[in-house]
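Sequence plus the predicted model coming up.
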Amino acid sequence: MVFADLINNALAVFQAMIGLIFALALTYFLYGIVKYIVKYGDETARRESIKVMTYGIIALFVMVSVWGLVGLLVNFIGNEAVGIPQIKL
């Protein structure tokens, strides 16, 4: 196995993990919404669910922002690859 193949395989795993982490953050946010609706009468549970929703939105915003910045950087450098560039040695 060549070093470039190892790097390309690591990047493929990393890309799959990004999708999984994004799905987990979205699930966490949706969990906060469901918790807010179910526990609407309890004031402390509502505050807790608002915190969960806030952290979920922050996580989603950070991930989408970083994804956009990486895309801009890749386009600025001139690589025409979509997403994370592949390293070819």
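Yes, it's here. This one's a predicted model, so the numbers in the text were calculated from it and none came from an experiment.

Could I get the CA-only coordinates of stretch 60-67 as PDB?
Provided in PDB are the C-alpha atoms of stretch 60-67 (Å, rounded to 0.1, in the frame of the first residue of the first chain):
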ATOM      1  CA  LEU A  60     -25.000  22.600  13.300                       C
ATOM      2  CA  PHE A  61     -24.000  26.200  12.600                       C
ATOM      3  CA  VAL A  62     -20.300  25.500  13.400                       C
ATOM      4  CA  MET A  63     -20.200  22.400  11.200                       C
ATOM      5  CA  VAL A  64     -21.900  24.000   8.200                       C
ATOM      6  CA  SER A  65     -19.600  27.100   8.600                       C
ATOM      7  CA  VAL A  66     -16.500  25.000   8.700                       C
ATOM      8  CA  TRP A  67     -17.700  23.000   5.700                       C
END
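
Quick one: mean pLDDT for it?
Averaged across stretch 60-67, pLDDT comes to 87.

now swap in stretch 10-19 and tell me
pLDDT averaged over stretch 10-19 gives 79.

Quick check, central residue of the chain?
Phe22 (3.4 Å; C-alpha atoms, centre = their mean).

Could you check how far Thr27 is from Val34?
Distance of Thr27 to Val34, given as C-beta to C-beta, to the nearest Å: 10 Å. C-beta coordinates here come from the backbone N, C-alpha and C atoms, glycine included.

and what of Ile50?
Note on Ile50: its distance to Val34, by C-beta to C-beta, is 13 Å.

Ok, Leu26 next?
13 Å.

Between those two, tell me which one has more neighbours.
Leu26 (14 against 11; other C-beta atoms under 10 Å).

Excluding sequence neighbours, find me the nearest residue to that one.
Leu60 (6.6 Å; C-beta to C-beta, 6 or more residues apart in numbering).
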